[in-house]
Every structure is written in C-alpha cells, then in structure tokens.
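K.L.:
Here's a sequence, model it:
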Amino acid sequence: MSTEGPAPGVPEKEIFPTLTAAQIERIAPLGRERPFEADEVLFEQGGINRPLMIVLEGEIEILSDRDSLVTVHRPGNFSGDVDLIAGHPAVVRARARRAGRVLEVPAERVRRLVLTDTELSQIFLRAFILRRALLMTRSAGNLVLIGSRHSAGTLTLQEFLTRNNQPYAYLDADHDPGVQATLEGFGVGVDDVPVLICSGRQVLRKPTIEEVADCLGLNRLSRDVVRDLVVIGAGPAGLAAGVYGASEGLDVLILDSTAPGGQAGSSSRIENYLGFPTGVSGQDLASAALLQAQKFGAELVVARTAVALECDRRPYRVGLAPGVGVAARTIVIATGVTYRKPDIPNLTRFEGVGVYYGATQVEAILCQGEDVIVVGGANSAGQAAIFLSDGRRRVTMLVRGPGLSDTMSRYLTRRIEETPNIEVKTRTRIVALEGTEGLEGVTWEDAAGKASTVPVRHVFMMTGANPNTGWLEGCVALDQKGFVKAGSDLLPSDLTASRWPLQRPPLLFETNRPGVFAVGDVRAGSVKRVAAAVGEGSVCIQLVHKVLAE
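P.N.:
Okay, here's the model as predicted:
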C-alpha cells in the first residue's frame, strides 16, 4: 500500500520542498558528494546519525515498514525528519530508484546549519515536522503494535508511542483478519498481547515503556558526563527551561518518565495560551517545543524516572535506577503533578480498559460513538468534555462542587453551557464501577444520597492533582501537600535543616539546596497554567547562570 502524498490540508511542496541551486551551493561546503547505484540502500530503519541527503541526480525512494512507499526524492529534494535533529534512529529506509548522486551533510553540521541560516532553518524544520506528522497520520514507520481494547497495556503503549511521535501500525487482535498468522509468524500468541514488533526483527511481549524506549533508542544516556543543567520533567516548564538553557550555551539534559508535554501534553486543545487564537493541542505544543530545544542542542531522554536526588554532594547526582544516575552542576525540578485517584472500589482494575486519565485522539478512538463520563471541574476536565462531545456522543460531567465557575475558565464554562450533548451534574461522585473484561457500568451518587447506575463504558478521571515529589523527601523542603518550597516560601528552619552554605538567601525558584530550582506545577504557590509554567522555566535559566558563575 502506498502512502505517497501530502498530509491533509498541507501542500506537498512544503512537506517535500525542492532546494534552489543557490541554496544547495550554500550547503555544499558542509558535505560531500557521492554517487549511488540503482537499488542501493542508502540508509536503513534504525540507523543512527545518518546524514542529510540532498539529491543532485537520480531518484531515491523513502520506504516505511514492509517497503510501503512514503515518497520519492528527486533532484533538489532532501531526506530526513525530526529524528535527524534529535539524533534518534531512523523510522524509514532509503533506497535508490535510479542511479545518481547525493550531497551528504553530517547530522551534526545540519544541526549547526539550522542555528545559523534562518532561511534554510525554516525550510528544514518545517519539512521535518510535517514529515513526521505525515508518518503519524499514515501509521508509516518501523513499528507494528498488536493489541486489544481489553488490554490496559495496549493503551499504555499507544499513548507512549503517540506522545513520543513514534509512528506505528496497529493490528487489533480481536477483529483484524490475519492477526493470528502474524502472531504465529513471530512465535507469539494471543496471551502475549500487547506485542510490539520493532523493524520487523525484535519482538517484545507485554513490554514496559522502558523496554520500548530502549528498542527505539529514546533512553540512551551518557552517564559519565557532568551536565551544566539537568531538567527533570518535560512538561511546559521543563521544556521552556531546556529551550532557554540550551539556546544560551548550557549543556542541558532533559529527563522524563514517559513523554514530552507532561499533563498538558494530554490536553486535546488549549485555547487560552498566548499566540494561538484558534487553540493548540498539548501534543503539538510539546512536539514543537521539544524540537526547538533539540535544535539548540538540548538532549531528551524518556522512560527514565528520577528516584532519588543525592543532594549532599556537588555536583548533584540524580538517581534513575540502582547504579544508574546522572551528575549535574544545577538542577531544575519540573516534575509537575498527576491526577488524584478517587477512592472508588476496583478503580485500578479498569484503568486503561474503561478508566482513563487523559483525553487524546487515542482514547477518543476507543470510545467513538459511545457515551462517556468526565469526572472533574477544572480546565482539563472542561477541555476533555468539549473535545469528546465532538464525536456525536453524550458527555456527562460529574462535579463534586456546586458548579464550574469557581474552578474553570469562563470561556470553557460558556462553551459547555452551549453544547447540547454535555450535561453537568454537580455535587455528584462515582461510588462504584462494574464490568468483566472492561468497564460496563457506573454508579454515581448525588448530594441527597440518591444512587443511579448507567451503562457507560468510558470514564475520564481529571480530579485534583498530587505533586510528583516523593523522590525528593529528605533532600528538598516540601510543604504539607508535598509541593516544593522555593524562594521566599522557604522558612529559616528549612535553610537550617539543610545547612544552607551561602551568605545570600535562596534565589527566586531556588530550593533550600543551592542550584536546585523548582518551576511549574510542582512548585508550591505556582499558578497552574501552561503560560505560567513556560514563564517560570524560562526565567529560571537566568538564575541558573548566576549559580554557575558563583
């Protein structure tokens, strides 16, 4: 099956632009020409640090898994997508259709080029972003996921791959014909689902996201390097710190346990973020911010969870697993928050098979045409309700408080009030969930104690938030709710307990450990908004410079 052609609504010339002779002449000193023969493989899927190839003569086919055609590069066209900037393995392969010549430019020189040449930077980066979007839309890559809607692990992998911009083909073990033959061909069975096949070779049975990240080359880590700055958490605050830190010449490593974007990355549409009058999805915002950080030289490693901070030594050391850690002169804690899980019997049993903590296209496909429940009254719940209402389904919002006005932006409450298939039930909470292989029924109770049971198979939980700070206890001062105390929120007793060694007081966003900062939702007293998180992450870098100069 051919996947050739542009993404919907985007001109093909923007996805696969043709460089002018003058532009190629500017690039030529950075690379070298080499000939190629017909049918020659120029690079394979999984190849790392492959060069940018500009076709001078001949034709090159770009192929995804099973040799599906993505496009044909002709003279003036160039290869590559976002992986070239990130230094990740290629998700496609290149094979010569007709003999010719290419100009090969090493990946590190391309990264320098996009920093110094404004015109070429715009051409390359826009093409790279659009090409990855095309691959995601067409499920054209080097991964095949065999899963089931009755498997919570399937949803976990789908979310991980989607949020990390990794294109994959999906086979439904419950409905797709031929799945059994595919499973048998790789020596696995239905009981092994979910199964991930990497580049047609490596077969992972019920893999963890760490195993998937390792297969994709997303969690490679240089342990012996002392970084200027390690940012823990790749939400809006962490990505902003990464962009500004790397753009100002710091050696920056960003760590995240799952994927860039944090909690905001699961937002279907953010409409009150400056500069996006029509709104922007959390996924798109995170992907663009990550590419921007990588453009300046920041490194992102995912599926690496910080489990400890060794704060009695300098440089500091962030522990990631037994015997595994990274050293840093300064640290920015941007680990954000996670949705609080209500006290409902059997809740964990239905997580991923009827109970979800994000509302993205992945979850929307699972509940297409079916009624859903959204639990919560803050902005994230409102965004989810509006997004899910577009699927001609009925959305019931359950709110424990008296209404939405105290916890939700006015534009969202107005949109909800004007959407006929959204119903808001106040002072109502879920008390029971039931089902066999997946969720089948929900019982809620109102303020009067009246219980109602409805046949709903999909519940989106967006209730409150807990900070991700358990790994910091005993090192960094936390408030009673577990949020990180910083700057003027620190008490003299906090500094005494940590033996604050400096004559100066902690800087804005600095914790009770010199050079360790906290920004975004994880910081005590922060404004829980994307714009505020981005602002804190960017401002914090000026303070990092001050500490590094001490």
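
K.L.:
Now stretch 433-450: buried residues?
P.N.:
The neighbour-count check on stretch 433-450 (16 or more other CB atoms under 10 Å) flags 433, 438-439, 442, 444-445 as buried. (Each C-beta comes from the backbone N, C-alpha and C, glycine too.)

K.L.:
Likewise for stretch 471-485?
P.N.:
Along stretch 471-485, these residues count as buried under the neighbour rule (16+ other CB under 10 Å): 471-472, 475-478, 482-485.

K.L.:
that older thread, out of the buried residues of stretch 433-450, the closest to Arg499 would be?
P.N.:
Leu433 (48.8 Å; CB to CB).

K.L.:
right, and the helix or strand after the helix or strand that contains that closest one?
P.N.:
Leu433 belongs to strand 429-435 when assigned by DSSP states H and E. The C-terminal neighbour of strand 429-435 among helices and strands, as given by DSSP H and E, is strand 439-445.

K.L.:
Give the other helices and strands that that following strand contacts.
P.N.:
In terms of contacts (3 or more CB pairs under 8 Å, 6 or more residues apart in numbering; DSSP states H and E), strand 439-445 is packed against strand 429-435, strand 451-454.

K.L.:
Show the contacting residues for the closest residue to Val280 other than its chain neighbours.
P.N.:
Distances taken as CB to CB, 6 or more residues apart in numbering place Ile270 nearest to Val280, at 5.6 Å, with adjacent residues excluded. Ile270 sits next to 264, 276, 279-282, 285, 383, 530 when contact means CB atoms under 8 Å, 6 or more residues apart in numbering.

K.L.:
which among these end up buried?
P.N.:
264, 280-282, 285, 383, 530.

K.L.:
among those residues, which two are most distant?
P.N.:
Longest span within the buried ones among the contacts of Ile270, CB to CB: Leu285 and Gln383, 12.9 Å.

K.L.:
picking that back up, just curious, which of the buried residues of stretch 471-485 is nearest to Phe350?
P.N.:
In terms of CB to CB, no member of these lies closer to Phe350 than Gly482, at 26.3 Å.

K.L.:
Does the closest one fall in a helix, a strand, or a coil region?
P.N.:
Three-state call for Gly482 (DSSP: H, G, I helix; E, B strand; the rest coil): coil.

K.L.:
looking at it, Tyr411 is touching Arg269, isn't it?
P.N.:
No: contact criterion CB atoms under 8 Å: Tyr411 and Arg269 do not qualify, at 11.4 Å.

K.L.:
Those two: who's more crowded?
P.N.:
Comparing Tyr411 with Arg269 by other CB atoms under 10 Å, the one with more neighbours is Arg269, at 17 against 12.

K.L.:
And the pLDDT for the more buried one?
P.N.:
In this model, Arg269 is scored at 86, pLDDT.

K.L.:
list the contacts for it?
P.N.:
279-281, 383, 386-387.

K.L.:
Show me which of those is closest to Arg201.
P.N.:
Nearest to Arg201, judged by CB to CB, of the contacts of Arg269 is Ser281 at 33.1 Å.

K.L.:
roughly how far apart are that closest one and Ile129?
P.N.:
Using CB to CB, to the nearest Å, Ser281 is found at 14 Å from Ile129.

K.L.:
Next: Ser266.
P.N.:
20 Å.

K.L.:
same thing with Lys341?
P.N.:
Taken as CB to CB, the span from Lys341 to Ile129 is 35 Å.

K.L.:
ditto for Ala246
P.N.:
Distance from Ala246 to Ile129, by CB to CB: 18 Å.

K.L.:
So for the two, which sits in the more crowded spot?
P.N.:
Applying other CB under 10 Å to Ala246 and Ile129 shows that Ala246 carries more neighbours, namely 25 against 20.

K.L.:
hang on, the earlier thing: could you point out which of the buried residues of stretch 433-450 is nearest to Pro467?
P.N.:
Of the buried residues of stretch 433-450, the one sitting nearest to Pro467 (CB to CB) turns out to be Leu433, at 26.5 Å.

K.L.:
Could you tell me how far the closest one is located from Gly464?
P.N.:
On the measure of CB to CB, Leu433 and Gly464 end up 19 Å apart.

K.L.:
before we move on, what about Arg32?
P.N.:
58 Å.

K.L.:
Of the two, which one has the most company?
P.N.:
Gly464 (15 against 12).

K.L.:
burial measure for the closest residue to that one other than its chain neighbours, as a count.
P.N.:
Excluding its sequence neighbours, the residue lying closest to Gly464 (CB to CB, 6+ apart) is Arg340, at 3.8 Å. Other residues within reach of Arg340, judged by other CB under 10 Å, total 13.

K.L.:
Please point out which parts of stretch 66-82 sit buried.
P.N.:
Neighbour-count burial for stretch 66-82 flags 68-71, 73-82 (criterion: 16+ other CB under 10 Å).

K.L.:
how about the helices of the stretch 101-250 of the chain, start to end?
P.N.:
Remark: helices assigned in the stretch 101-250 of the chain by DSSP state H, counting those that start in this stretch are 107-116, 118-137, 152-163, 179-185, 209-216, 236-247.

K.L.:
Adding mean pLDDT and distance to Gln503, write those helices out as JSON lines.
P.N.:
Converted to JSON lines, the helices of the stretch 101-250 of the chain look like this (pLDDT from 0 to 100; distance: least, CB to CB, whole Å):
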{"stretch": "helix 107-116", "mean pLDDT": "96", "distance to Gln503": "39"}
{"stretch": "helix 118-137", "mean pLDDT": "96", "distance to Gln503": "44"}
{"stretch": "helix 152-163", "mean pLDDT": "95", "distance to Gln503": "44"}
{"stretch": "helix 179-185", "mean pLDDT": "87", "distance to Gln503": "66"}
{"stretch": "helix 209-216", "mean pLDDT": "95", "distance to Gln503": "43"}
{"stretch": "helix 236-247", "mean pLDDT": "98", "distance to Gln503": "26"}
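
K.L.:
So which of these is nearest Glu550?
P.N.:
Among those, the nearest to Glu550 by CB to CB is helix 236-247 (16.9 Å).

K.L.:
which secondary structure elements does that closest one contact?
P.N.:
Counting by 3+ CB pairs under 8 Å, 6+ apart, helix 236-247 packs on strand 226-232, strand 252-256, helix 282-295, strand 324-333, helix 530-549.
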